[in-house]
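**Student:** When you get a sec, could you give me coordinates for this:
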Amino acid sequence: MNATKTRQSTAARREAKSRAALVAAYREGLGLTAVAVVRNSVGVRIAVDKNGDDDLLAAADLVQARWWCRRAADAERVAAAATARLRPHESCDAPDSILSAGEAIAAAAKRLNVALHADDDVLLEATEIIARVDQELATLQRAGELKSINRAYRTYRTEASARGERVAPYAEWLNKYKANLVCQLAATLRFS
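**Tutor:** Numbers count the residues shown, from 1 in each chain. As a prediction, this is how the structure comes out:
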């Protein structure tokens, strides 16, 4: 029973990681940059994160709220203007500190005429695109039409082996393939 729970837990973590990579691919395709309210032991601050993976944040930082901008330069401008409105020594224990940071971001975006997209809205849109890709791949698989995808994997495997590189298992490679499709679909939405 314990081994079964471990396998289920591992599978759930793998699925969550795969889903997060697909959402990140969607945001990358749209060229989104995050403006986030971050809390740590020192207080609340506003941060900009191009990838949305919290890669610019310290390990002790906790993202409390996040919005997305279509352009990195707009995100930087909004964050700078919102940061200027925050009280410099605002305690992270103050119940309204996160709210006031969020309000500062919203006010700065409005003043600068920059559209902000809520994190939940972006996640919902990404989920819809991912579902479309999954549905199309399932349809192709049922119809026996994955030959070109399987051929691409065999080509990848042969070339990687010839170079002496590690060959990713099919499932891992397919997840990257799906992420690329999601990114390309988002990019077409970006320019439409």
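**Student:** Nearest spatial neighbour of residue 85, chain-adjacent residues omitted?
**Tutor:** In this structure, residue 85 finds its nearest non-sequential neighbour in residue 104, 4.2 Å apart by Cβ to Cβ, 6 or more residues apart in numbering. From N, CA and C alone the C-beta is placed, and that goes for glycine too.
**Student:** Let me know whether that neighbour touches residue 82 as I believe.
**Tutor:** Yes: Residue 104 is within contact range of residue 82, at 4.0 Å (criterion: Cβ atoms under 8 Å).
**Student:** of these two, who's got more company?
**Tutor:** residue 82 (24 against 21; other Cβ atoms under 10 Å).
**Student:** which residues sit in contact with that one?
**Tutor:** Remark: with contacts taken as Cβ atoms under 8 Å, 6 or more residues apart in numbering, residue 82 is in contact with 35, 46, 101, 104, 105, 107, 108.
**Student:** Tell me, please, where in the protein the pLDDT is lower than the cut-off.
**Tutor:** For the chain, applying pLDDT under 70 flags the ranges 1, 3, 5, 51-60, 87-96, 192.
**Student:** now the helices: where do they sit in it?
**Tutor:** Using DSSP state H, the helices of the chain run over 2-30, 72-85, 97-112, 119-142, 147-162, 170-190.
**Student:** Please report how far the residue nearest to residue 85 lies from residue 45.
**Tutor:** Residue 104 sits 11 Å away from residue 45, taking Cβ to Cβ, to the nearest Å as the criterion.
**Student:** so what sits against both of these two?
**Tutor:** Common neighbours of residue 104 and residue 45 (Cβ under 8 Å, 6+ apart) are 83, 86.
**Student:** Now the buried members of the contacts of residue 82.
**Tutor:** Taking 16 or more other Cβ atoms under 10 Å as the criterion, what is buried in these is 35, 46, 101, 104, 105, 108.
**Student:** possible to save these as a markdown table with distance to residue 161?
**Tutor:** Shown next, in a markdown table, are those (distance: Cβ to Cβ, whole Å):
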| residue | distance to residue 161 |
| --- | --- |
| 35 | 44 |
| 46 | 47 |
| 101 | 51 |
| 104 | 54 |
| 105 | 49 |
| 108 | 52 |
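**Student:** Spatially central residue in this protein, please.
**Tutor:** residue 24 (2.8 Å; Cα atoms, centre = their mean).
**Student:** Tell me how far that one lies from residue 183.
**Tutor:** Distance, residue 24 to residue 183, using Cβ to Cβ: 9 Å.
**Student:** Let me know how buried residue 177 is, in neighbour terms.
**Tutor:** 17.
**Student:** For residue 168, see how far away it is.
**Tutor:** 10 Å.
**Student:** same question, residue 77
**Tutor:** Distance of residue 77 to residue 168, computed by Cβ to Cβ: 40 Å.
**Student:** of the two, who's got more company?
**Tutor:** The neighbour comparison of residue 77 against residue 168 (other Cβ under 10 Å) goes to residue 77, with 19 against 15.
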